[in-house]
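One predicted model, sequence on top.
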Amino acid sequence: MFRNDDKTKIFQVAQQQAISRSDIATTKRAFQDLRDKTQKLQDTIWQLATNASDCPKDAFQDAWDKRQELNQINKQLTAMEELISNCMPKASTARLTEKERTEIKGLYQSGLYTQAQLADQYNVTQPTISDIIKK
């Protein structure tokens, strides 16, 4: 018969094996991409409303309402990210695998992510990312 402590340890080990560091990084990237897209939409809506010299009041109000909706979406994204993060195992502190190093190089070369963003996603330091990219 298993004690509760044993069951918890078994569950944690199974969870860590099922969810890799790459999986965690992919999830973090997805949330970051969603936040970036909603911010870009907010900025575009605001620019359209404020740059039009003869922007009617209705159009401005519509743009303002859409921007408010996007603010709500950002709040929901933040809450969802926190919930998912709480369910995921903590990122491993073990050395990065060759597969993870290759992923990091590709993601950095895509120009979509900074070294700091990749460091956060993979739970390593920015200098570690820099070393991986240089090799």
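In hand now; what should we look at?

any weak-confidence spans in this protein?
1-18, 52-53, 91-92 (pLDDT under 70).

ranges for the strands of it?
In the chain, no segments count as strands under DSSP state E.

just the helices in it please.
Counting by DSSP state H, the segments of the chain that form helices are 4-18, 21-51, 57-87, 98-109, 115-122, 126-134.

packing partners for the second one?
Using 3 or more Cβ pairs under 8 Å, 6 or more residues apart in numbering; DSSP states H and E as the contact definition, the elements that helix 21-51 packs against are helix 57-87, helix 98-109, helix 115-122. Any C-beta I mention is one placed from the backbone N, CA and C, and that applies to glycine too.

buried sites along that helix?
Within helix 21-51, the residues scored as buried using 16 or more other Cβ atoms under 10 Å are 21-22, 24-25, 27-29, 31-32, 38, 42, 45, 49.

Kindly report the same for the fourth one.
Using 16+ other Cβ under 10 Å as the test for burial, helix 98-109 gives 100-101, 103-105, 107-108.
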